[in-house]
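Peer 1: Just a sequence and a predicted model for now, questions to come.
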Amino acid sequence: MAEMLDKQNWIAGLEKGLALIESFNDLNPRLTATEAGRRCGLTRTAARRYLLTLNHLGYVETDGKQFWLTPRILRLGQAYLVSARLPAIVQPFLQRITSGTQEVAYVSVLDGDDIVCIARNGTNREMNTGYILGSRVPAQVTAAGLVILSMMATPDIDAWLAVHPPKIYTAFTHATSALLRQQIMQARAQGWALSEQQLQLKHRGIAVPLRDHHGVVLGAINVTMPMGRETADEALARVLPALQETAQSMRSLL
C-alpha cells in the first residue's frame, strides 16, 4: 500500500493523464473525449486536452472524434518487466517447475481486484490455456488470487471482500462473498490454493505463496492446466510439491 503523499508533492495532471490511459479497456477500446472524461470524472474539454497531448506523444491515436491507445503504450508495462528485480530472479525457478511438471508456470502479484502475471515459463498444451505477461485476471477466480488474499490479516481480507463483490463467470464461480471468504480461509489453513472452472470451464489452477527472506508475501507461484486428464487430487500430488519446494528455494534470494 502506498503511503499518503503530501499535497505539495502531488501532481494532479499526472494523475488525470494516467486515469485517462486506464479508462481504455477491452469493453472500451475506443472512446470520445466526452466518454473518456465521464469515465475519469473530467469535463469533455479537459479530457480532450489530455488526449491530444497523449496523441502528440504517440500514446494515443485519433480520427478526430474517437481516441484509442497505440502500441507505444506497451513501453510503460515493458519498462517494469525489464527493470523490476522480481521477474528476473524468478525466471530460472519457473523453468524448473515447467521442466518437472510439464505445465505453464507463473509468478503473479495482486493489484487491486486483479492478479497480474509478471513472469511465466512454458508452452501451452492448448492454444486457449494460459496467460501472457501482463495479463490481468480477477483475483477471486484464480488460485493465485486466493492464496495471496489468504495471507492477508483477517481484517484486510474482510475489507477487500467488502469492496470487491464476486462476479459470476461460470456456473462454478463462487457467487457470494461468504463462499469466497470460505475458499480464502481454506487456502490459509492449507498454505496453498486450488481453483477449478471459476473463470474458464475445464481449467484448473494451483498456487502457493511466494515470500521473501523476511516472510513477507510478494505474490504467488502458480500453474494452470486443462482438466480432464487427471483428478484434482492427482494434479495436486504431481504439481504441489514442485511449487512448494521452489517457493522455499527462492526465499533466501528475495
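Peer 2: Looks like it arrived, so ask away. Because the structure is predicted, anything quoted here is derived from the model rather than measured. Numbering: from 1, shown residues only.

Peer 1: Helices along the stretch 101-250 of the chain, start to end?
Peer 2: For the stretch 101-250 of the chain, helices defined by DSSP state H, counting those that start in this stretch occupy the ranges 143-150, 154-163, 177-190, 232-250.

Peer 1: ranking those by burial, who's on top?
Peer 2: Across the helices of the stretch 101-250 of the chain, averaging neighbours per residue (mean count of other C-beta atoms under 10 Å) puts helix 143-150 on top, at a mean of 28. In short, each C-beta sits where N, CA and C put it, glycine included.

Peer 1: Work out for me the element the nearest residue to Arg44 once chain neighbours are set aside sits within.
Peer 2: Distances taken as C-beta to C-beta, 6 or more residues apart in numbering place Thr34 nearest to Arg44, at 4.6 Å, with adjacent residues excluded. Applying DSSP states H and E as the criterion places Thr34 in helix 33-40.

Peer 1: Not counting that helix itself, show me its contacts.
Peer 2: Contacts of helix 33-40 with the rest of the structure, by C-beta atoms under 8 Å, 6 or more residues apart in numbering, involve 16, 19-20, 23-24, 28, 31, 42-48, 51, 67.

Peer 1: Repeat that for stretch 136-147.
Peer 2: Among residues not part of stretch 136-147, those counted as contacts by C-beta under 8 Å, 6+ apart are 106, 108, 110-111, 113-117, 131, 148-149, 164, 166-167, 169, 173-174, 180, 183-184, 187, 192-195, 198-199, 205-209, 219-220, 222.

Peer 1: Just these: which are in strands?
Peer 2: Secondary structure assignment (DSSP state E) places 106, 108, 110-111, 114-117, 193-195, 205-209, 219-220, 222 from the contacts of stretch 136-147 within strands.

Peer 1: export the helices of the stretch 101-250 of the chain to TSV and tack on mean pLDDT and distance to Leu76?
Peer 2: What follows is these, written out as TSV (pLDDT from 0 to 100; distance: least, C-beta to C-beta, whole Å):
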stretch	mean pLDDT	distance to Leu76
helix 143-150	96	23
helix 154-163	94	26
helix 177-190	96	31
helix 232-250	95	27
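
Peer 1: Reformat these as a markdown table; add distance to Ile89.
Peer 2: Supplementary listing: the helices of the stretch 101-250 of the chain in a markdown table, determined by distance: least, C-beta to C-beta, whole Å:
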| stretch | distance to Ile89 |
| --- | --- |
| helix 143-150 | 18 |
| helix 154-163 | 26 |
| helix 177-190 | 24 |
| helix 232-250 | 7 |
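
Peer 1: Can you report how many residues neighbour the nearest residue to Thr246 once chain neighbours are set aside?
Peer 2: Once flanking residues are discounted, Thr246 sits nearest to Phe93: 5.0 Å by C-beta to C-beta, 6+ apart. Residues contacting Phe93 under the criterion other C-beta atoms under 10 Å number 21.

Peer 1: How much space separates Phe93 from Asp212?
Peer 2: 14 Å (C-beta to C-beta, to the nearest Å).
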